[in-house]
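**Q** Take a look and give me a structure for this.
(4 chains)
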Number of protein chains: 2
Amino acid sequence: MPKPVVPEEKRRRRRPTKSGTVLSEQLIVDTALRMLREHGSAGLTARRLGLALDADPSTLYRYFRGMDDLTLAIGDALIGQALRGWVPTGEWRADLRAVGLRIHAAYMEHPQAAVLTASRVSGRAHELAADEAVLDILRTAGFPVPDAVRVYHAFVDTTLAFAALDAASLALPSAALRADEEMWRSTYARLPATTHPRIAEAAPLLATRMLTSAYPTALDMLLDSAGAQLEDVRD
Amino acid sequence: MPKPVVPEEKRRRRRPTKSGTVLSEQLIVDTALRMLREHGSAGLTARRLGLALDADPSTLYRYFRGMDDLTLAIGDALIGQALRGWVPTGEWRADLRAVGLRIHAAYMEHPQAAVLTASRVSGRAHELAADEAVLDILRTAGFPVPDAVRVYHAFVDTTLAFAALDAASLALPSAALRADEEMWRSTYARLPATTHPRIAEAAPLLATRMLTSAYPTALDMLLDSAGAQLEDVRD
DNA sequence: GACTTAAGGTCAATGGCGTTGGCATAAGGA
DNA sequence: TCCTTATGCCAACGCCATTGACCTTAAGTC
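**A** Next comes the predicted model:
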């Protein structure tokens, strides 16, 4: 039987650790985010987190059921950060685009955290709020429920998928990242036209474009298609 | 100084292990794939792999520089499998769709392996062949080079991103997977309409749809947009 | 202010992990 | 048949997450 975790809002006794710091879910998540940035996506360990908090590693289990539970909390914090201060304009396409880019950008600011959380469903408050907002944009725009759900699904998963993919690149050890970038200038740019004619003719464009995220392009294409569907619905 | 790894083609002495099995790169990769399927994406460990091969874990370092090197070899095996036997029909949209679905499907057949390798760039033969094929489809369809590169970028990264995302879900420890799936039937389906009206009205549809991959939908929307662009070019 | 209670700390231990250096032995060329 | 060395094994190092037992002290009650 694992020890019960007291929910954050029920906590009363905030006993300081040996060294005087007072713990909280918020402080732990923030510290974890900082550690992920500093030590990489594999650098978040209970031992190191305890060290950074001046607390015993086992103390974390008073706040989270385990490292996985902590991971979900980190992900929800990222989503909350993404939409903090956002207000819809009422123009569905611009709003959807802004939400997507905001979420993607928030993950890019914490790529090491994004790698761990982008594919998880936490069901926590910020995640629910984001989903509600996206569905509301689509329904208000005039999409019937089934179409709204379909576009919502494609939109959300495209955004999260690109967040995970782009984060994985950014989170690579810098040596590996440079090696990947060099790939387009070395391997791809030097392929002979006899064996790989299409890559050869596109090499210069590839070398510049492949270093950036395809998410804005993919998002716009998705919104193009959604817009066309909305036209059909309105007829 | 790490011990040197003898390349596979230079191996001559195939000394059997204590129990008589004769090792090879191929055998190790195949065994690793089987272990990933059986024990999950976190279940591939040097110790277990050694156990499955009836060899000491340290023996693996005679074949790969480390576990990371082994995962790259596994990824290469996956890519080879994805394109084996594919032939284009000449109809650009159908061909692009087929390539995307094939790559996605290959990763889905080995989700635990995919999650380890989907976001790695190899620059190896099979990857180059796939890129050449996609560019060829687009150019032959009539896309000018810059447009072809843009659509190629969105197409390839969308496919890889969804492969990584969907594999990550499929590869979750079964307990976490069930928890994520249950989320749509429990948390989301029970949200009161007062606080989350849009989720509430969509809950039944969400509960069924969110358990499937959005990739086919997203892919079709991307191809819709590409098709519209092609119309513009032709005018 | 003193008493009680249990939340929230600490400590020590368990059984995993990747990786390495030293050593032994048999494969295969001479 | 003999030698060399590739390729296997072993033992050990320092990580890791997690748990159960224990202790301390903040908060609530009177």
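**Q** Ramachandran angles for the residue of chain A most remote from its centre?
**A** Outermost residue of chain A with respect to the C-alpha centroid, by CA atoms, centre = their mean, is residue A:194; its distance is 41.0 Å. With angles defined as degrees, to the nearest 10, residue A:194 sits at phi -70, psi -40.
**Q** Residue B:132 versus that one, what's the distance?
**A** 12 Å (CB to CB, to the nearest Å). Just so you know, the C-beta spots here come from the backbone N, C-alpha and C atoms, and that holds for glycine as well.
**Q** Return the residues in contact with residue A:153.
**A** For residue A:153, the contacting residues are B:209-210, B:214, B:217, by CB atoms under 8 Å, 6 or more residues apart in numbering or on different chains.
**Q** what two of those have the greatest distance between them?
**A** Pairwise distances across the contacts of residue A:153 (CB to CB) peak at 12.0 Å, for the pair B:210 and B:217.
**Q** three-state assignment of the residue lying closest to residue A:228 once chain neighbours are set aside?
**A** Leaving aside its chain neighbours, residue A:228 sits nearest to residue B:224 (6.7 Å; criterion: CB to CB, 6 or more residues apart in numbering or on different chains). Look at residue B:224: counting by DSSP: H, G, I helix; E, B strand; the rest coil, its state is helix.
**Q** So residue B:224 is in contact with residue A:227, correct?
**A** No - the criterion here is CB atoms under 8 Å, and residue B:224 misses it with residue A:227 at 10.2 Å.
**Q** Looking at these two now, which is surrounded by more residues?
**A** A direct count of neighbours by other CB atoms under 10 Å in any protein chain shown for residue B:224 and residue A:227 places residue B:224 higher, at 18 against 13.
**Q** What separation do you get for residue A:101 and DNA strand C?
**A** Distance, residue A:101 to DNA strand C, using CB to the nearest atom of the strand, to the nearest Å: 37 Å.
**Q** Can you pull out the low-pLDDT segments for chain A?
**A** A:1-20, A:173-176, A:179 (pLDDT under 70).
**Q** Buried residues, the longest helix seen in it. List them.
**A** Longest helix of chain A, by residue count under DSSP state H: helix A:145-170. With burial defined by 16 or more other CB atoms under 10 Å in any protein chain shown, the residues of helix A:145-170 counted as buried are A:147-170.
**Q** how about the spatially most central residue of chain A, secondary structure?
**A** What sits nearest the mean C-alpha location of chain A, by CA atoms, centre = their mean, is residue A:107, with 3.7 Å. Assigned state for residue A:107: helix (three-state reduction, three-state DSSP).
**Q** picking up where we left off before, highest neighbour count among the contacts of residue A:153?
**A** For those, the largest neighbour count, defined by other CB under 10 Å, is 24 neighbours, found at residue B:214.
**Q** Can you read off the backbone torsions of that one?
**A** Torsion angles at residue B:214 (phi, psi; degrees, to the nearest 10) stand at phi -90, psi 0.
**Q** how much space is there between it and residue A:36?
**A** Using CB to CB, one gets 27 Å for the distance from residue B:214 to residue A:36.
**Q** Helix, strand, or coil at residue A:193?
**A** With three-state DSSP as the basis, residue A:193 sits in coil.
**Q** give the contact list for it.
**A** Contacts of residue A:193 (CB under 8 Å, 6+ apart): A:200-201.
**Q** if you set the cut-off to 6 Å instead, what comes out?
**A** Contacts for residue A:193 (CB atoms under 6 Å, 6 or more residues apart in numbering or on different chains) come out as residue A:200.
**Q** what does residue A:40 give?
**A** residue A:112.
**Q** And it, how close does it get to residue A:116?
**A** The value you get for residue A:40 to residue A:116, if CB to CB is used, is 11 Å.
**Q** re earlier: could you dump the contacts of residue A:153 to a markdown table with secondary structure?
**A** What follows is those, written out as a markdown table (three-state DSSP):
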| residue | secondary structure |
| --- | --- |
| B:209 | helix |
| B:210 | coil |
| B:214 | coil |
| B:217 | helix |
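**Q** ok so, going back, now the residue nearest to residue A:228: how far from residue A:218?
**A** Per CB to CB, residue B:224 is found 12 Å from residue A:218.
**Q** what about the nearest residue in space to residue A:113 that is not next to it in sequence, how many neighbours?
**A** Among residues not flanking residue A:113 along the chain, residue A:36 sits closest, at 4.8 Å (CB to CB, 6+ apart). By the criterion of other CB under 10 Å, residue A:36 has 23 neighbours.
**Q** How is chain A partitioned into domains?
**A** Domain segmentation of chain A under automatic domain parsing yields A:8-65, A:74-234.
**Q** how about the helices of chain A, start to end?
**A** Using DSSP H, helices in chain A cover A:25-39, A:46-53, A:67-83, A:92-109, A:111-117, A:125-141, A:145-170, A:174-185, A:197-209, A:215-234.
**Q** And the first one, how far out from the chain middle?
**A** Centre-to-centre, helix A:25-39 and its host chain are 15 Å apart (CA atoms, centre = their mean, to the nearest Å).
**Q** and that helix with helix A:46-53, angle?
**A** Counting by axes from the mean of the first three to the mean of the last three CA atoms, to 10 degrees, helix A:25-39 points 110 degrees away from the direction of helix A:46-53.
**Q** Please export the C-alpha coordinates of helix A:25-39 as PDB.
**A** The C-alpha trace of helix A:25-39 is given here as PDB (Å, rounded to 0.1, in the frame of the first residue of the first chain):
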ATOM      1  CA  GLU A  25       3.800  21.400  -5.400                       C
ATOM      2  CA  GLN A  26       4.500  24.700  -7.200                       C
ATOM      3  CA  LEU A  27       8.000  24.900  -5.900                       C
ATOM      4  CA  ILE A  28       8.800  21.300  -6.800                       C
ATOM      5  CA  VAL A  29       7.400  21.700 -10.300                       C
ATOM      6  CA  ASP A  30       9.300  24.900 -10.900                       C
ATOM      7  CA  THR A  31      12.500  23.400  -9.600                       C
ATOM      8  CA  ALA A  32      12.000  20.300 -11.800                       C
ATOM      9  CA  LEU A  33      11.600  22.600 -14.800                       C
ATOM     10  CA  ARG A  34      14.800  24.400 -14.000                       C
ATOM     11  CA  MET A  35      16.600  21.100 -13.500                       C
ATOM     12  CA  LEU A  36      15.300  19.700 -16.800                       C
ATOM     13  CA  ARG A  37      16.600  22.800 -18.600                       C
ATOM     14  CA  GLU A  38      20.000  22.500 -16.900                       C
ATOM     15  CA  HIS A  39      20.500  18.700 -16.900                       C
END
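**Q** Tell me the spacing between residue A:188 and residue B:170.
**A** Per CB to CB, residue A:188 is found 31 Å from residue B:170.
**Q** neighbours of the spatially closest residue to residue A:148 that is not a sequence neighbour, just the number please.
**A** In space, and not counting its chain neighbours, residue A:148 is closest to residue A:138: 4.0 Å by CB to CB, 6+ apart. By the criterion of other CB under 10 Å, residue A:138 has 25 neighbours.
**Q** And for residue A:98?
**A** Counted with other CB under 10 Å, residue A:98 comes out at 17.
**Q** With that, I have no additional questions.
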